[in-house]
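*Asks:* Provide a 3D model corresponding to the input given below.
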Amino acid sequence: MAAGAVVVDRFERILLVRRARAPSAGEWTLPGGRVEEGESPGSAAVRELREETAIDGRVVASLGLAEIERGEITYAIHEFLLEAIGQRPARAGDDAAEVRWAHRGELEAIGVRADAIAVIERGLAMRSSLGP
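*Replies:* Now for the predicted structure:
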């Protein structure tokens, strides 16, 4: 089981990580990873966000389960909309080679896969529906 995080800043930019290791080495995607034993998916999303980007966050809403295919493996990822806590700048850590903020219109150009973009769009819609 895995968990992922959609984090959107006040400029409507989405936080992305470039994976350093397989299965998506070199690709820009959302922060996230394995849910550890005894951990809830929401807690895992918060932990993975901190480990991969140095940003603390809190769960705002569940975005449901996403199935992501990489090669011959299908991953079931519990996706969450997270809010960043504090003003700490993003910094790559754990299995993230780089981190960056990107606007929705940039995602295809930097190679974010369609399945990740679909999750991002759910996160943006949820954030919009919740208001300021």
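*Asks:* so which helix or strand takes in A44?
*Replies:* A44 is part of helix 41-53 when elements are defined by DSSP states H and E.
*Asks:* whichever helix or strand A76 is part of: what's the following helix or strand?
*Replies:* Per DSSP H and E, A76 falls inside strand 73-85. Sequence-wise, the next helix or strand downstream of strand 73-85 (DSSP H and E) is strand 96-103.
*Asks:* relative to strand 96-103, how tilted is the next helix or strand after that next one?
*Replies:* Using DSSP H and E, the helix or strand that follows strand 96-103 in sequence is helix 114-130. Put simply, helix 114-130 runs at 50 degrees to strand 96-103, going by axes from the mean of the first three to the mean of the last three C-alpha atoms, to 10 degrees.
*Asks:* buried stuff in helix 114-130?
*Replies:* D115, A116, I117, V119, I120, R122, G123, L124, M126, R127 (16 or more other C-beta atoms under 10 Å). All C-beta atoms are positioned from the backbone trio N, CA, C, and that covers glycine.
*Asks:* same question, stretch 59-78
*Replies:* By 16+ other C-beta under 10 Å, the buried positions in stretch 59-78 come out as V59, V60, A61, L63, A66, I68, Y75, I77, H78.
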